[in-house]
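In: next comes the sequence, and after it the predicted model I'd like to discuss.
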Amino acid sequence: MKKTALWFWPLPFLFFFSPTASTQTLEGEQQRIETQLTQIDQQKTQLNGQLEEIKLRMVQRDLEAIGLPSAHFIQHSAMALEYSEPHEQARWVAHIILPDIASGTVSRSNDFRPDPKVTTGSATEADYFLKKMKPDSIWEYDGFGYDRGHLAPSADFRWSAKALSESYFYSNMSPQRAEFNRGKWAELESILRDYITNHPQTQLYVVTGPVLEDSLPVIERGVNRVAIPRFYYKVALDMANGRSIGFVMPNAALTYPIEHYAVSVDEVERITGLDFFNRLDDEREAALENKIDKAVWLPTLAKGDAEPLVQPDLPPNHFNTIVATRYAGKGERISVCGKVVGSRYSRTGNLWLNLDKQFPNQIFSVFIRKKDLVNFSYDPKLELEYQVVCFEGTVDIFNGTPTMNLEREEDVRIGNPSKR
């Protein structure tokens, strides 16, 4: 019988393939890769910090290049301002809304604090409210009736923790009524951010401030007696697309849609005495500042909404869709005038007409029951849609919307009465 030779591997080779050695080698490789990933994360964090600093410097450069309203101002990381010591707030605050807000993740910091760069001393917390610690270690607040309203809104800086934090300096605050600050003012801020979201290849130059006057009332209980503005303004410039817009809004609960408060930048300059974007050549500055296209800035207008008619231009007992709401439930016959921007027949055959604002944002509706349609010599939907019309009747509230129930053709007059 042929014998088979037996082979024996050297011990070191056998050791290399031992389970213990193999595990140690894999764990070592894992640790090496994890260390590299940690180093990469640290490097990425460092580079992101450097990139943010570069963007902040670019904002400062671009703000000055476009022209700030005053020669002497305070420069922060992403905003510039002129402080009015007699009023204890900024006369204006300039900043830029960057496309970066679309991907920004920085949240509100709420670190309200005095501005260290205001050499005369800025307003403080005690100008807006007092607080004291109760025995149960809970703060008790004594407010003075006004919000600490941002001029340059913190949400515009959500791409930079540093810039967002600085937006909480009291130099960037102004006493605003809560219904204004949390209402139309917040809506306007959101509209401008949405503008950048819809135009991601541009940046928006924005200057905001109170309309400061010598005779303004003040917060009497505050330590610095901060002035309470009656109006606020905001101007915005899109250099890439060559357009601008301004807004002047009362510091109050506002009922008119945002477009009612839109004006040209020239008009804001007339009201405030400031010269915005003054480093542009005169011809270009004039072309940008003396006209506006509201529909470009306000998407609802572009989609078919209309501005309420100008109330002072209407004849007696004729009211636009905003003022008409005051007559809801009073049983008084009035004429309500506006543009029919939307209409539909319900499943039961009733007709709904919306004036000035389309569903679901309607502000005034006209309702014609199916049984009353026979009182019309025409189809009201076809005849009245997209027309300026006055409807006569009483106003009630239906599902939260001021509504007029119309029964006959004689209560309809087509055409703008202010132009007659």
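Out: Looks like it came in fine.
In: going forward, measure contacts and count neighbours with C-alpha atoms only.
Out: Fine.
In: quick one, strands of the stretch 251-400 of the chain?
Out: Counting by DSSP state E, counting those that start in this stretch, the stretch 251-400 of the chain has strands at residues 262-263, 318-319, 334-345, 351-355, 365-368, 388-393, 395-398.
In: need these in JSON lines (columns: mean neighbour count, mean pLDDT and distance to M133).
Out: Conversion of the strands of the stretch 251-400 of the chain to JSON lines gives the following (neighbours: other C-alpha atoms under 10 Å; pLDDT from 0 to 100; distance: least, C-alpha to C-alpha, whole Å):
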{"stretch": "strand 262-263", "mean neighbour count": "23", "mean pLDDT": "97", "distance to M133": "44"}
{"stretch": "strand 318-319", "mean neighbour count": "24", "mean pLDDT": "97", "distance to M133": "52"}
{"stretch": "strand 334-345", "mean neighbour count": "23", "mean pLDDT": "97", "distance to M133": "54"}
{"stretch": "strand 351-355", "mean neighbour count": "25", "mean pLDDT": "97", "distance to M133": "52"}
{"stretch": "strand 365-368", "mean neighbour count": "20", "mean pLDDT": "98", "distance to M133": "51"}
{"stretch": "strand 388-393", "mean neighbour count": "21", "mean pLDDT": "97", "distance to M133": "57"}
{"stretch": "strand 395-398", "mean neighbour count": "18", "mean pLDDT": "96", "distance to M133": "46"}
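In: those: which one's closest to P86?
Out: Nearest of the strands of the stretch 251-400 of the chain to P86, taken as C-alpha to C-alpha: strand 262-263 at 27.9 Å.
In: quick one: residues in contact with that closest one.
Out: I245, G246, F247, V248, I292, K294 (C-alpha atoms under 8 Å, 6 or more residues apart in numbering).
In: repeat the analysis, applying 10 Å as the threshold.
Out: By C-alpha atoms under 10 Å, 6 or more residues apart in numbering, the list of residues contacting strand 262-263 from outside reads 233-235, 244-249, 268, 289-294, 297-298.
In: of the residues you listed, buried ones?
Out: 233-235, 244-249, 268, 289, 291-292, 294, 297-298 (16 or more other C-alpha atoms under 10 Å).
In: what's the lowest-pLDDT member of those?
Out: The lowest pLDDT within the buried ones among the contacts of strand 262-263 belongs to K291, with 88.
In: give the full set of residues in contact with D156.
Out: 95-102, 104, 163-164, 167, 189-190, 192-193.
In: may I ask which of these has the most neighbours?
Out: Most neighbours among those, by other C-alpha atoms under 10 Å: S167, with 30 neighbours.
In: can you lay out the strands of the stretch 251-400 of the chain as JSON lines showing distance to E82?
Out: Shown next, in JSON lines, are the strands of the stretch 251-400 of the chain (distance: least, C-alpha to C-alpha, whole Å):
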{"stretch": "strand 262-263", "distance to E82": "23"}
{"stretch": "strand 318-319", "distance to E82": "42"}
{"stretch": "strand 334-345", "distance to E82": "42"}
{"stretch": "strand 351-355", "distance to E82": "43"}
{"stretch": "strand 365-368", "distance to E82": "46"}
{"stretch": "strand 388-393", "distance to E82": "45"}
{"stretch": "strand 395-398", "distance to E82": "47"}
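In: right, and those strands - which one's nearest R326?
Out: Closest among these, using C-alpha to C-alpha: strand 395-398, at 9.0 Å.
In: got the contact list for the helix or strand that that closest one is followed by?
Out: Going down the chain from strand 395-398, the next helix or strand is strand 401-405, by DSSP states H and E. Contact with strand 401-405 is made by 321-322, 324-329, 333-336, 352-354, 361-369, 391-398, as judged by C-alpha under 10 Å, 6+ apart.
In: residue contacts, G49?
Out: When contacts are counted by C-alpha under 10 Å, 6+ apart, G49 touches Q43, K55, S160.
In: can you give me the end-to-end span of stretch 366-382?
Out: With C-alpha to C-alpha, to the nearest Å applied, stretch 366-382 spans 15 Å between its terminal residues.
In: next, count neighbours for G67.
Out: G67 has 16 nearby residues by other C-alpha under 10 Å.
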